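Peer 1: Need coordinates for the following:
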Amino acid sequence: MATLSAEYHSMVLRALGLQNLYAYGPEEMSAIKERLMLIWNQMKRYNHAPDIRDYNHLLGFAGRASDWQLCQQVWFELDEASSNTSLFGLSPNVYSYNAYMQAAIQCKQAPRAVNMFNTMLSNDVQPNSFSYNTLMEAYGHMGDLQEVDGLFGRHFSSAVSDKPTTGRLSSLLHPQRDASTALGRQVATLSRYTTSQPSTQLAPSVDTFLAMIDAHGRQGKLERMHEIYQDLMPEYNIKPTLAIFNGMIRWYCDKSEIETARQLFFEMERQGVQPNVVTFNYIFRHEALKRNRPGVAERLVDLMHNVYNQPPLQSMYRHLIKIHNRHNRDHEVDRLVRSYEQSMASHSDKH
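Peer 2: The predicted structure is shown next:
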């Protein structure tokens, strides 16, 4: 590897990562991290300076791996490298800041995402729509719905309507309250977005509304969450995607509004959106874990496998087996083990 150029080291580094829509266990995460750090340290050893894409790649991995220590380490090295290089050297770009903000949220450090957004502004780096979507997501995790909605009103414009949205949004989603509070709780000054910057008007995307839906659902504001989906998204000509439906079903199940979740499931089908394993898992966990109804949960597994041709998660069978074990139903445990093996074999044959 020592004979490889810096470019080849970078290519190998960025080839290692986490695929989207795939769940990784702790051992897999650890193995990928070990390989990434091996290449990273090898680059330093042979004085191959990483470029900004390499730093951004590691920041993205740190977020997916929920590794806050790694995120901080990479950012420190990036900051140090940018301060030690020439005018034409390394410096964080908007994708660096976005990756750090996203990693902060994934590592349960949402206030750090807000602070980093302010740092981005102070360093004259222009945020893009992903930056604002991530900032809204951070405030959603912090419970500050007013700031989530305020960001939408200030920075996202409608391409289909000239009607002002800020006032409508405020009255639609929640009553007036002191702007210095988040759901009645004081928010630290350092963790609030600096609003003195000139307003940037962007076109909202599915991710914009997903951030709003997650924020309101997280706080149990299910009616308001539904209003965003039913009233606000059509106003901006945004059609719901699988991510939108999954986001809503997640919070309906979390708040035990299972009938509404089922109605939304059928609405997905009417709109031609195919549910995936994430969709089923939210409903399954509600039935198996919250309501302790293994029979209903197992019928959902059968529906998933037989009708939608999706292999059930191993964790689904594991939860069902635990329930039956608690009640000493050995025959049910044996049956589920056989069912799982048949399900996996059937799916392997089809692929």
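
Peer 1: Now do the strands in the stretch 151-300 of the chain.
Peer 2: Under the criterion DSSP state E, counting those that start in this stretch, strands of the stretch 151-300 of the chain are mapped to 181-182, 185-186.

Peer 1: Name the residues that touch stretch 71-85?
Peer 2: 49-50, 52, 55, 58-59, 62-63, 89-92, 96, 100, 103-104, 107 (C-beta atoms under 8 Å, 6 or more residues apart in numbering). Just so you know, the C-beta spots here come from the backbone N, C-alpha and C atoms, and that holds for glycine as well.

Peer 1: Flag every buried residue along it.
Peer 2: 71-72, 74-75, 78, 81 (16 or more other C-beta atoms under 10 Å).

Peer 1: closest to residue 223 among those?
Peer 2: Closest approach between those and residue 223, by C-beta to C-beta: residue 71, at 36.0 Å.

Peer 1: number of nearby residues for residue 253?
Peer 2: Residues lying near residue 253 (other C-beta atoms under 10 Å) number 21.

Peer 1: Distance-wise, check it relative to residue 337.
Peer 2: Distance check for residue 253 against residue 337: by C-beta to C-beta, to the nearest Å, it reads 27 Å.

Peer 1: go on, residue 280?
Peer 2: Using C-beta to C-beta, residue 280 is found at 20 Å from residue 337.

Peer 1: ok, now residue 313?
Peer 2: From residue 313 to residue 337 the distance is 15 Å (C-beta to C-beta).

Peer 1: Pick out whichever of these two has more residues nearby.
Peer 2: residue 313 (17 against 12).

Peer 1: Ramachandran coordinates for the closest residue to residue 242 other than its chain neighbours?
Peer 2: Distance criterion C-beta to C-beta, 6 or more residues apart in numbering; nearest residue to residue 242, sequence neighbours excluded, is residue 273 at 5.5 Å. Taking degrees, to the nearest 10, you get phi -100, psi 120 for the backbone angles of residue 273.

Peer 1: residues contacting residue 273?
Peer 2: By C-beta under 8 Å, 6+ apart, residue 273 lies in contact with 240-242, 245.

Peer 1: Quick one: residues in contact with stretch 93-106.
Peer 2: Applying C-beta under 8 Å, 6+ apart, the contact partners of stretch 93-106 are 52, 55-56, 59-60, 62-64, 66, 68, 71, 75, 78, 110, 112-113, 116-117, 119-120, 125-128, 130-131, 134-135, 137-138, 141.
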